[in-house]
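1. okay, here's the prediction I keep looking at, along with the sequence it came from:
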Amino acid sequence: MVVNKIARILVEPADDKKGGATLTSLLSEKLKIPVYPCHRLDRETSGLMLYAKSIPVQENVMAQFKAGAVSKEYLAFASGAFRAKEGIWEARILDHEGRKKGEQPKIAKTAYHVIKELKLFSLVSLKPFTGRTNQLRIQLANVGHPILGERKYAFGRDFKIKFRRVALHACFISFAHPITQQKLEFKLDLPKDMADFLQKYL
C-alpha cells in the first residue's frame, strides 16, 4: 500500500513512548488486517509512505531500500538563499538519539536542487541516496539552511520566518513491485499547509 501520511503523526510508537494512536495502528484498525511499514517518516514529515500486508513483502521492500533501489524525493522550505543552486552533500552524520546511544556517525549522501528562491526561504528538492535518521534535517542545518519549523537541529533565532512544523514533504517514490517486479512510481503535490504558505510569499 502507498499512503499519503499527514504531518504530526508517528508511524510507530517511539522507543520511550508506548501507546497512543500511530499511522500503523490506525491503518490496521481501519483495514481490519495487520500492516507493516517498510520505512519511516518523521512525525512532522508528510507524504508518501509504503506499507506491506505481509512480513515477506515488508522484507522484500526493506531490502530494496537497503540496496539503494528505491528512489525518493522530498520538498522542503529551507531558510535563506543558497549560493550554489544544486549539488551533492556527502558527509558523516549522527542524529541526537544515536549520539546518546554512543553510535558512530555514518555517511549520508543527498542531491539537492533549488526550485524556487524567495525572499526569506527557498523551495528545495532533495533526493537522498542513503537513509540515515533525520538525514535531510541534519544536512540542511549543517550547511546553514535549516528547514523551516526545525527545532531539533536549529534554534528559533535561526529563522527570520516561522512555519508550524518541519516543512518537509515526501513527494515522490519509485520501487519495484515485490511480486511482479514492475517499476512503480508515485507522486504527490505539496500538502495544503505548505502550498498555502508558499502561495503567500510568491
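-> Yes, it's here.
2. residues contacting the helix or strand of the chain with the lowest mean pLDDT, please?
-> Each helix and strand of the chain was given a mean pLDDT (mean pLDDT, DSSP states H and E); the minimum falls on helix 96-100 at a mean of 75. Contact partners of helix 96-100, identified using Cβ atoms under 8 Å, 6 or more residues apart in numbering, comprise 105, 133-134, 152-153. (C-beta placed from N, C-alpha, C; glycine too.)
3. now do the buried residues in it.
-> For helix 96-100, burial by neighbour count (16 or more other Cβ atoms under 10 Å) applies to residue 98.
4. and the pLDDT at residue 16?
-> Residue 16 is assigned a predicted lDDT (pLDDT) of 50.
5. chain center to the biggest helix by length in the chain: distance?
-> Taking DSSP state H as the assignment, the helix of the chain that covers the most residues is helix 55-66. Offset of helix 55-66 from its chain centre (Cα atoms, centre = their mean, to the nearest Å): 18 Å.
6. what's the mean pLDDT across it?
-> For helix 55-66, the per-residue pLDDT averages 96.
7. can you check stretch 116-130 too?
-> Mean predicted confidence for stretch 116-130 is 96.
8. quote the end-to-end distance of it.
-> One end of stretch 116-130 to the other measures 25 Å (Cα to Cα, to the nearest Å).
9. identify each buried residue in that stretch, please.
-> In stretch 116-130, counting by 16+ other Cβ under 10 Å, buried: 121-128.
10. tell me the one among those residues nearest to residue 94.
-> Proximity of these to residue 94 (Cβ to Cβ) peaks at residue 128, which lies at 15.9 Å.
11. what residues are bridge-paired with the closest one?
-> Under the criterion DSSP bridges, residue 128 forms beta bridges with residue 110.
12. show me where the protein dips below the pLDDT cut-off.
-> 15-19 (pLDDT under 70).
13. hey, where'd the strands end up in it?
-> 2-5, 36-37, 46-52, 71-79, 86-93, 106-117, 121-128, 168-176, 183-187 (DSSP state E).
14. number of nearby residues for the closest residue to residue 133 other than its chain neighbours?
-> Of all residues not flanking residue 133 in the chain, residue 95 sits nearest, at 4.4 Å (Cβ to Cβ, 6 or more residues apart in numbering). By other Cβ atoms under 10 Å, 18 other residues sit near residue 95.
15. hmm, residue 132 and residue 95 touching each other?
-> Yes - with contact defined as Cβ atoms under 8 Å, residue 95 and residue 132 form a contacting pair (7.3 Å).
16. what touches both of those two?
-> Counting by Cβ under 8 Å, 6+ apart, the residues touching both residue 95 and residue 132 are residue 138.
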